[in-house]
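Colleague: Okay, here's the prediction I keep looking at, along with the sequence it came from:
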Amino acid sequence: SVFTYHCVWCGCRLPQGTLMLVRSRLANLLPRLCVLRPGLAMSSATGTLTVNQPLNYRAGSRVQPADGGQAEEVYEPATGRVICKLLSSGEKEVDLAVQSAKAAFKIWSQMSGMERSRVLLEAARIIREQREEIATLETINNGKSIFEARVDIDISWQCLEYYAGLAGSLAGEHIQLPGGSFGYTRREPLGVCVGIGAWNYPFQIACWKSAPALACGNAMVFKPSPFTPISVVKLAEIFTEAGVPKGLFNVVQGGATTGQFLCHHPDVAKISFTGSVPTGVKIMEMAAKGIKPVTLELGGKSPLIIFSDCALENAVNGALMANFLTQGEVCCNGTRVFVERKILDVFTKEVVKRTQKIKVGDPLLEDTRMGALINRPHLNRVQGFIKQAKEQGAEVLCGGDLYVPDDPKLKNGYYMRPCVLGNCRDDMTCVKEEIFGPVMSILPFDTEEEVIERANATKFGLAGGVFTRDIQKAHRVVAALKAGMCFINNYNISPVELPFGGYKSSGFGRENGRAAIEYYSQLKTVCVEMGDVESVF
Ligand SMILES: NC(=O)C1=CN([C@@H]2O[C@H](COP(=O)(O)OP(=O)(O)OC[C@H]3O[C@@H](n4cnc5c(N)ncnc54)[C@H](O)[C@@H]3O)[C@@H](O)[C@H]2O)C=CC1
Ligand SMILES: C[N+](C)(C)CCCC(=O)O
């Protein structure tokens, strides 16, 4: 088969015939060299990938599930083709995965933070090296553009590097007590943690959960969404190659039933979940039965507030970033765009103009900026929201219709044009409910006080944003927003150093940043007596 070649450092596609051919490990020592390595065979172009390898990963290898076995088709959103059949895991397979994690935990949890750090850094390096392959798999299975998938993979290895950096300095405190006695605290791992992921950022979600979990000394069993089962198994292989004990990171496949076996398993110490609010409620109920701590990263309907004193071009760019990444299938999207009435017309005109220019199509093409939605039912659901918005009086200013690319192989893909809705009111369904598609609602406002109240009038509280040149107003407004992740003069960037998570129905617990350590560890207090015991009896 025909190979493309990529630089292992930056992932750039290299011209054929470049002479440098250096083993990947050596490449790590020569980080600034552009080094050739074979990338994915060309047979992984849109419409060609078929996955035959087992998709479960246990005790350091790909395996077929020991039980369960109900087969589901996995689609390529760009073409509507079946890429593979997914065998869901039953109770026995889930137990084997948990036992495998338990055994590895015994070894991993005894290692020092620095030792764990080295392994995580190696995993980050391998991800960088395989960036193009992983991004391509993500694009084929999720439908997002390759341009974006590469960014997702970069955020993923950065996350591993960040927690590798923290692993060596996880520590407790020393506290003096009277008479020379003292106490100290130890930050200890929890044990076997379960990660359950959504389909919009399959690889990145797995890294956001596994990096802090592993850095703290835990083991993990991860269940991706049955729509996007493929790339997470790559992560499992990478962890093994990097040197984690076999079984430290396992993958089980399946939907709700498999997820329930995981949540109910008595040897599971913690559940970190990314997905919808209704499933989040169920996860919390199951966790309550076993008194297991949970992290819930749920949906949102976040406000983006554009004041008339903003830098208009930045605000327009911010609104596009807030709405159209990953075909709008992003939990923290700022889909309620509140625009100060004075600039409503000029802002709307510019946003519509820019939205119409977004290139929709084959997600593996370099210049595509919006690919296909995850599946046909979801596309229909998003279309239903647009239809209902029109019925309730909103005006479609652009897009919203199905898009059929010229390329015949894409005819059965799940495409639509990105949509901007005008004439919106706060009581419309499109303004109240999470659409999880490329649909922006524009809402005019007149005063700061009014917009804060309207921005907060939602059951969700994941994110929020404000565009203004007035720094006092910017800080005042974000301080008043009831949301966990707020942006000033930007939107939807993801520095892994910053904690991410929701208020209200958008969940609790935090991913990324130092904050996540707290959710993957427990504190032991040790009280040390240096004198004699004074008994009260
Ligand atoms: N806050 C955040 O970080 C993010 C939130 N989301 C939210 O996720 C939703 C879209 O993702 P979906 O995959 O459709 O969500 P979903 O809730 O249907 O599924 C999420 C995961 O939970 C599993 N699951 C479903 N029922 C379960 C049960 N009863 N027990 C255990 N596991 C179960 C699924 O198989 C999947 O792996 C959106 O509402 C979105 O807002 C998505 C990405 C990020
Ligand atoms: C990466 N980012 C910030 C665009 C989205 C992350 C949250 C999600 O998984 O939807």
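Modeller: Looks like it arrived, so ask away. Ligands and ions are numbered 1, 2, ... in the order given.
Colleague: ok, residues contacting stretch 62-69?
Modeller: Identification of contacts with stretch 62-69 by CB atoms under 8 Å, 6 or more residues apart in numbering yields 53-57, 87-93, 96, 233, 237, 252-254, 257-258. C-beta: built from backbone N, CA, C; applies to glycine.
Colleague: Could you turn the buried ones of those residues into a ChimeraX selection?
Modeller: Here is the ChimeraX selection string for the buried members of the contacts of stretch 62-69, based on 16 or more other CB atoms under 10 Å:
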select :54,55,56,57,87,88,89,90,91,93,96,233,237,252,253,254,258
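Colleague: Narrow the contacts of stretch 62-69 to those in helices?
Modeller: Counting by DSSP state H, those place 91-93, 96, 233, 237, 257-258 in helices.
Colleague: what would these look like in a markdown table with pLDDT and distance to residue 201?
Modeller: Output for the ones in helices among the contacts of stretch 62-69, formatted as a markdown table (pLDDT from 0 to 100; distance: CB to CB, whole Å):
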| residue | pLDDT | distance to residue 201 |
| --- | --- | --- |
| 91 | 98 | 28 |
| 92 | 98 | 30 |
| 93 | 98 | 25 |
| 96 | 98 | 27 |
| 233 | 98 | 16 |
| 237 | 98 | 19 |
| 257 | 97 | 23 |
| 258 | 98 | 20 |
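Colleague: Which of these sits closest to residue 311?
Modeller: residue 233 (43.8 Å; CB to CB).
Colleague: Go ahead and confirm that closest one touches residue 57.
Modeller: Yes - when contacts are counted by CB atoms under 8 Å, residue 233 is listed as touching residue 57 (5.3 Å).
Colleague: Quick check: the gap between the residue nearest to residue 470 when sequence neighbours are not counted and residue 255.
Modeller: Of all residues not flanking residue 470 in the chain, residue 309 sits nearest, at 5.7 Å (CB to CB, 6 or more residues apart in numbering). Look at residue 309 and residue 255: by CB to CB, to the nearest Å, they are 48 Å apart.
Colleague: Tell me the confidence at the most centrally placed residue in the chain?
Modeller: Central residue of the chain (CA atoms, centre = their mean): residue 205, 3.5 Å from the mean position. pLDDT, the model's per-residue confidence, is 98 for residue 205.
Colleague: got the residues of this structure near ligand 2?
Modeller: Counting by CB under 6 Å from any ligand atom, the residues of the chain close to ligand 2 are 200-201, 205, 325, 330-332, 492, 494.
Colleague: Nearest to residue 303 among those residues?
Modeller: Among the residues of the chain next to ligand 2, residue 332 lies closest to residue 303 (CB to CB), at 11.4 Å.
Colleague: any idea which helix is longest in this structure?
Modeller: Longest helix in the chain, counting by DSSP H: helix 146-167.
Colleague: Identify each buried residue in that one, please.
Modeller: So, applying 16+ other CB under 10 Å, buried residues of helix 146-167: 146-164, 166-167.
Colleague: Now find how far off-centre that helix is within its chain.
Modeller: Relative to its parent chain, helix 146-167 has a centroid offset of 11 Å by CA atoms, centre = their mean, to the nearest Å.
Colleague: do stretch 340-351 as well
Modeller: Per CA atoms, centre = their mean, the centroid offset for stretch 340-351 relative to its chain is 32 Å.
Colleague: in that stretch, what counts as buried?
Modeller: Quick answer for stretch 340-351 (16+ other CB under 10 Å): 340, 343-344, 347-348, 350-351.
Colleague: CA atoms of it as PDB?
Modeller: Taking Å, rounded to 0.1, in the frame of the first residue of the first chain, the C-alpha atoms of stretch 340-351 are listed here in PDB:
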ATOM      1  CA  GLU A 340     -26.000  44.400  22.700                       C
ATOM      2  CA  ARG A 341     -28.700  45.900  20.500                       C
ATOM      3  CA  LYS A 342     -26.500  48.800  19.300                       C
ATOM      4  CA  ILE A 343     -24.300  46.400  17.300                       C
ATOM      5  CA  LEU A 344     -26.900  43.700  16.600                       C
ATOM      6  CA  ASP A 345     -27.100  44.400  12.900                       C
ATOM      7  CA  VAL A 346     -23.400  44.700  12.100                       C
ATOM      8  CA  PHE A 347     -22.500  41.700  14.300                       C
ATOM      9  CA  THR A 348     -25.200  39.500  12.800                       C
ATOM     10  CA  LYS A 349     -24.300  40.500   9.300                       C
ATOM     11  CA  GLU A 350     -20.700  39.600   9.900                       C
ATOM     12  CA  VAL A 351     -21.400  36.300  11.700                       C
END
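Colleague: What lies in contact with that stretch?
Modeller: Residues contacting stretch 340-351 (CB under 8 Å, 6+ apart): 306-308, 310, 312-313, 315-316, 319-320, 337, 339, 397, 420, 422, 440, 442, 444-446, 451.
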